[in-house]
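>>> model the structure of this input:
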Amino acid sequence: MKKLIFLLLFALSLAASAQDKKPPTTLRGVLLEQLHTTHDSEDWFVPANIAVQGLTAQQAMWSPGKGNHSVGQLAYHLWYWNDRELTHFKGEKPAPFDGNNNETFDNFTPAQWDDLVKKLNQILTDWEKAVETADDAKLAANASLIAHVGAHNAYHIGQILYVRKLQGVWDPNKGVK
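Residues are numbered from 1 along each chain as shown. Reported below is the predicted structural model:
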(Lines give C-alpha, C1' and ligand atoms only; values in the text may rest on other atoms or scores of the structure.)
Protein backbone atom coordinates (compact mmCIF):
# COMPACT_ATOMS: atom_id res chain seq x y z
CA MET A 1 0.00 0.00 0.00
CA LYS A 2 2.85 2.39 0.82
CA LYS A 3 4.38 1.68 -2.58
CA LEU A 4 1.09 2.47 -4.30
CA ILE A 5 0.75 5.77 -2.44
CA PHE A 6 4.36 6.64 -3.29
CA LEU A 7 3.79 5.85 -6.97
CA LEU A 8 0.63 7.96 -7.06
CA LEU A 9 2.40 10.91 -5.41
CA PHE A 10 5.33 10.52 -7.80
CA ALA A 11 2.99 10.44 -10.81
CA LEU A 12 1.15 13.53 -9.59
CA SER A 13 4.41 15.42 -9.11
CA LEU A 14 5.50 14.49 -12.64
CA ALA A 15 2.20 15.65 -14.05
CA ALA A 16 2.47 18.93 -12.14
CA SER A 17 6.00 19.57 -13.38
CA ALA A 18 4.98 18.76 -16.96
CA GLN A 19 2.23 21.37 -16.70
CA ASP A 20 4.76 23.98 -15.55
CA LYS A 21 6.35 23.96 -18.98
CA LYS A 22 3.67 25.27 -21.26
CA PRO A 23 4.07 24.61 -24.97
CA PRO A 24 4.26 27.62 -27.27
CA THR A 25 0.91 28.78 -28.59
CA THR A 26 1.97 30.83 -31.60
CA LEU A 27 3.69 29.96 -34.85
CA ARG A 28 6.63 32.16 -33.83
CA GLY A 29 6.82 30.37 -30.48
CA VAL A 30 6.82 26.91 -32.05
CA LEU A 31 9.48 27.82 -34.59
CA LEU A 32 11.68 29.47 -31.96
CA GLU A 33 11.30 26.43 -29.71
CA GLN A 34 12.45 24.20 -32.59
CA LEU A 35 15.42 26.42 -33.36
CA HIS A 36 16.48 26.67 -29.72
CA THR A 37 16.18 22.92 -29.04
CA THR A 38 18.55 22.27 -31.93
CA HIS A 39 20.90 25.05 -30.84
CA ASP A 40 21.19 25.86 -27.16
CA SER A 41 18.27 24.50 -25.17
CA GLU A 42 18.33 20.96 -23.80
CA ASP A 43 14.97 19.29 -24.31
CA TRP A 44 14.21 15.93 -25.92
CA PHE A 45 17.69 15.68 -27.42
CA VAL A 46 21.13 17.25 -27.15
CA PRO A 47 21.43 20.65 -28.87
CA ALA A 48 24.26 21.61 -31.24
CA ASN A 49 26.20 23.70 -28.74
CA ILE A 50 26.61 20.67 -26.46
CA ALA A 51 27.07 18.20 -29.33
CA VAL A 52 30.24 19.95 -30.56
CA GLN A 53 31.50 21.09 -27.16
CA GLY A 54 34.96 20.06 -25.99
CA LEU A 55 36.27 18.47 -29.18
CA THR A 56 39.74 19.08 -30.46
CA ALA A 57 40.30 19.71 -34.16
CA GLN A 58 41.86 16.26 -34.45
CA GLN A 59 38.84 14.61 -32.83
CA ALA A 60 36.55 16.61 -35.12
CA MET A 61 38.37 15.12 -38.15
CA TRP A 62 37.88 11.49 -37.08
CA SER A 63 35.51 9.50 -39.27
CA PRO A 64 34.15 5.99 -38.82
CA GLY A 65 35.03 5.41 -42.49
CA LYS A 66 33.00 3.80 -45.29
CA GLY A 67 31.69 7.12 -46.60
CA ASN A 68 30.58 8.36 -43.19
CA HIS A 69 31.27 11.93 -42.15
CA SER A 70 33.35 13.32 -39.32
CA VAL A 71 31.91 15.62 -36.67
CA GLY A 72 33.72 18.49 -38.38
CA GLN A 73 32.19 17.66 -41.75
CA LEU A 74 28.72 17.42 -40.21
CA ALA A 75 29.16 20.73 -38.37
CA TYR A 76 30.41 22.37 -41.58
CA HIS A 77 27.39 21.02 -43.47
CA LEU A 78 25.04 22.39 -40.80
CA TRP A 79 26.71 25.78 -40.89
CA TYR A 80 26.63 25.86 -44.70
CA TRP A 81 22.92 25.07 -45.07
CA ASN A 82 21.80 27.22 -42.14
CA ASP A 83 23.73 30.15 -43.60
CA ARG A 84 22.38 29.57 -47.10
CA GLU A 85 18.76 29.20 -46.03
CA LEU A 86 18.95 32.21 -43.70
CA THR A 87 20.24 34.24 -46.64
CA HIS A 88 17.14 33.13 -48.61
CA PHE A 89 14.88 33.94 -45.65
CA LYS A 90 16.31 37.45 -45.46
CA GLY A 91 15.55 37.96 -49.16
CA GLU A 92 19.23 38.09 -50.12
CA LYS A 93 20.92 36.18 -52.90
CA PRO A 94 23.09 33.30 -51.68
CA ALA A 95 26.41 32.34 -53.22
CA PRO A 96 26.12 30.09 -56.27
CA PHE A 97 25.63 26.38 -55.55
CA ASP A 98 26.38 23.77 -58.20
CA GLY A 99 24.10 21.15 -56.61
CA ASN A 100 26.92 18.94 -55.32
CA ASN A 101 25.91 18.38 -51.70
CA ASN A 102 29.19 16.53 -51.02
CA GLU A 103 30.96 19.89 -51.15
CA THR A 104 28.87 21.03 -48.18
CA PHE A 105 30.63 18.37 -46.11
CA ASP A 106 34.05 18.15 -47.72
CA ASN A 107 35.24 21.74 -47.32
CA PHE A 108 36.10 21.21 -43.66
CA THR A 109 39.71 21.26 -42.46
CA PRO A 110 41.05 20.84 -38.90
CA ALA A 111 42.43 24.40 -39.00
CA GLN A 112 38.82 25.66 -39.24
CA TRP A 113 37.47 23.78 -36.22
CA ASP A 114 37.49 26.47 -33.51
CA ASP A 115 36.20 29.10 -35.94
CA LEU A 116 33.57 26.69 -37.30
CA VAL A 117 32.16 26.05 -33.81
CA LYS A 118 31.81 29.83 -33.36
CA LYS A 119 30.28 30.28 -36.83
CA LEU A 120 27.78 27.47 -36.24
CA ASN A 121 26.71 29.00 -32.94
CA GLN A 122 26.42 32.43 -34.59
CA ILE A 123 24.32 31.28 -37.53
CA LEU A 124 21.94 29.43 -35.22
CA THR A 125 21.66 32.58 -33.08
CA ASP A 126 21.08 34.63 -36.24
CA TRP A 127 18.21 32.29 -37.22
CA GLU A 128 16.59 32.79 -33.82
CA LYS A 129 16.90 36.58 -34.09
CA ALA A 130 15.48 36.54 -37.62
CA VAL A 131 12.44 34.55 -36.49
CA GLU A 132 11.98 36.76 -33.42
CA THR A 133 11.91 39.93 -35.53
CA ALA A 134 10.11 38.73 -38.68
CA ASP A 135 6.58 39.93 -39.23
CA ASP A 136 3.71 37.42 -39.06
CA ALA A 137 3.26 37.28 -42.85
CA LYS A 138 6.92 36.45 -43.42
CA LEU A 139 6.79 33.75 -40.73
CA ALA A 140 3.68 32.20 -42.23
CA ALA A 141 5.18 32.22 -45.71
CA ASN A 142 8.40 30.60 -44.47
CA ALA A 143 7.14 28.34 -41.67
CA SER A 144 7.80 25.15 -43.63
CA LEU A 145 11.34 26.27 -44.48
CA ILE A 146 12.10 27.09 -40.84
CA ALA A 147 10.61 23.81 -39.63
CA HIS A 148 12.72 21.91 -42.17
CA VAL A 149 15.83 23.77 -40.99
CA GLY A 150 15.09 22.61 -37.43
CA ALA A 151 14.47 19.01 -38.53
CA HIS A 152 17.63 19.00 -40.66
CA ASN A 153 19.65 20.32 -37.72
CA ALA A 154 18.23 17.68 -35.36
CA TYR A 155 19.03 14.90 -37.85
CA HIS A 156 22.67 15.87 -38.24
CA ILE A 157 23.15 16.61 -34.55
CA GLY A 158 22.10 13.01 -33.95
CA GLN A 159 24.78 11.93 -36.40
CA ILE A 160 27.35 14.06 -34.57
CA LEU A 161 26.54 12.30 -31.31
CA TYR A 162 26.70 8.90 -32.96
CA VAL A 163 30.14 9.63 -34.44
CA ARG A 164 31.36 10.90 -31.08
CA LYS A 165 30.07 7.75 -29.38
CA LEU A 166 31.79 5.54 -31.95
CA GLN A 167 34.99 7.48 -31.43
CA GLY A 168 34.70 7.21 -27.65
CA VAL A 169 34.73 10.99 -27.07
CA TRP A 170 31.15 11.48 -25.88
CA ASP A 171 30.35 12.06 -22.21
CA PRO A 172 27.00 10.30 -21.62
CA ASN A 173 26.32 12.63 -18.69
CA LYS A 174 25.70 15.36 -21.29
CA GLY A 175 22.44 13.81 -22.37
CA VAL A 176 22.70 10.61 -24.40
CA LYS A 177 23.69 7.42 -22.64
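>>> the biggest helix by length in the chain packs against which elements?
Determined from DSSP state H, the single longest helix within the chain is helix 136-167. Helices and strands touching helix 136-167, by 3 or more CB pairs under 8 Å, 6 or more residues apart in numbering; DSSP states H and E, are helix 27-37, helix 48-51, helix 71-89, helix 113-133. (C-beta placed from N, C-alpha, C; glycine too.)
>>> out of those helices, flag the one nearest Asp98.
Counting by CB to CB, Asp98 lies closest to helix 71-89 out of the helices and strands packed on helix 136-167; the figure is 12.8 Å.
>>> could you say what helices and strands that closest one packs with?
For helix 71-89, the contact count by 3+ CB pairs under 8 Å, 6+ apart identifies helix 57-61, helix 103-106, helix 113-133, helix 136-167 as packing neighbours.
>>> any chance of the ones you listed in a markdown table, plus mean neighbour count?
Putting the helices and strands packed on helix 71-89 into a markdown table (neighbours: other CB atoms under 10 Å) gives the following:
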| stretch | mean neighbour count |
| --- | --- |
| helix 57-61 | 17 |
| helix 103-106 | 15 |
| helix 113-133 | 17 |
| helix 136-167 | 17 |
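>>> which one of those helices has the poorest average confidence?
Mean pLDDT is lowest for helix 103-106 among these, at a mean of 91.
>>> what residues does that helix touch?
His69, Gln73, Leu74, Tyr76, His77, Tyr80, Trp81 (CB atoms under 8 Å, 6 or more residues apart in numbering).
>>> who are the contact partners of the residue nearest to Asn142 when sequence neighbours are not counted?
Spatially, and ignoring its direct neighbours in sequence, Asn142 is nearest to Phe89 (5.8 Å; CB to CB, 6 or more residues apart in numbering). Applying CB under 8 Å, 6+ apart to Phe89 gives the contacts Ala130, Ala134, Asn142, Leu145, Ile146.
>>> measure Phe89 to Gly54 for me?
Phe89 is 31 Å from Gly54, where distance means CB to CB, to the nearest Å.
>>> likewise for Gly175?
Plainly put, Gly175 is 13 Å away from Gly54 if you go by CB to CB.
>>> more neighbours, the two?
The residue with more neighbours, out of Gly175 and Gly54, is Gly175; 16 against 11, by other CB atoms under 10 Å.
>>> which residues touch that one?
Contacts for Gly175 (CB under 8 Å, 6+ apart) come out as Glu42, Phe45, Val46, Ile50.
>>> would you turn the helices and strands packed on helix 136-167 into TSV with distance to Phe105?
Formatted as TSV, the helices and strands packed on helix 136-167 follow (distance: least, CB to CB, whole Å):
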stretch	distance to Phe105
helix 27-37	22
helix 48-51	16
helix 71-89	4
helix 113-133	12
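>>> out of the ones you listed, flag the one nearest His156.
It's helix 71-89; of the helices and strands packed on helix 136-167, that one is closest to His156 (CB to CB) at 5.1 Å.
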